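Asker: structure, please.
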Amino acid sequence: MTSKDRDTHTPTSPDETQNLQPALRESSGAPLDDALHLLQVDPGHSLADPGLARLTPTGLDRLLLAARHQADRNHDGILLLLDLLQLAQRAEGAGTRRLMPGVIRQLRHHVEDQRRWQALADNAAYYRDNRQVAERIAARLEAG
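Answerer: As a prediction, the model looks like this:
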């Protein structure tokens, strides 16, 4: 997805989600977390990201840098939304009041995503630095 695609992307409508399998609709409520677990073929929702143990140290380094970058971007978004909330508190008008729930909801999403990206970066660093642990977990995943 290019930056142009992201700028013109329209969110999934509720009508489109009705056709999804029930298991997909009954997710944890954190889309990033769900996606990461699906990519790792992790049936549970372990914050340890056991699927990362299969990656090489180079792959873990790349993931670590990318996840930290995303965590930083979310942090910047949080700060921007907090500035917006501070300005909106001083403004009066129905338009401002109507925007507030959406801004607060978006702020919560940024906080959730920032935490998850940071946890992913921390886990990548752990598996990179503790290769014996990573190899044991990877072997268990392959056997199971």
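Asker: who touches His75 in this structure?
Answerer: Contacts for His75 were tallied using C-beta atoms under 8 Å, 6 or more residues apart in numbering; they are Gln114. No exception for glycine: its C-beta is placed from N, CA and C like everyone else's.
Asker: secondary structure element for it?
Answerer: If you go by DSSP states H and E, His75 is part of helix 57-90.
Asker: I'd like the average pLDDT over that helix.
Answerer: Taken as a whole, helix 57-90 carries a mean pLDDT of 93.
Asker: quick one: that helix to chain centroid distance?
Answerer: Counting by C-alpha atoms, centre = their mean, to the nearest Å, helix 57-90 is centred 11 Å from the centre of its parent chain.
Asker: can you give me the buried ones in that helix?
Answerer: The neighbour-count check on helix 57-90 (16 or more other C-beta atoms under 10 Å) flags Leu60, Leu63, Leu64, Ala67, Arg68, Gln70, Ala71, Asn74, Gly77, Ile78, Leu81, Ala88 as buried.
Asker: do a quick rundown of the helices in the chain.
Answerer: Listed in chain order, the helices of the chain (DSSP state H) span residues 3-8, 14-17, 22-25, 31-39, 57-90, 94-129, 131-143.
Asker: quick one: which of the ones you listed is nearest Asp49?
Answerer: Of all the helices of the chain, it is helix 94-129 that lies closest to Asp49, at 4.3 Å by C-beta to C-beta.
Asker: now the angle from the closest one to helix 31-39?
Answerer: In terms of direction (axes from the mean of the first three to the mean of the last three C-alpha atoms, to 10 degrees), helix 94-129 departs from helix 31-39 by 30 degrees.
Asker: and helix 94-129, what does it pack onto?
Answerer: The elements that helix 94-129 packs onto, with contact taken as 3 or more C-beta pairs under 8 Å, 6 or more residues apart in numbering; DSSP states H and E, are helix 31-39, helix 57-90, helix 131-143.
Asker: any idea of the mean pLDDT for that helix?
Answerer: Mean per-residue pLDDT for helix 94-129: 92.
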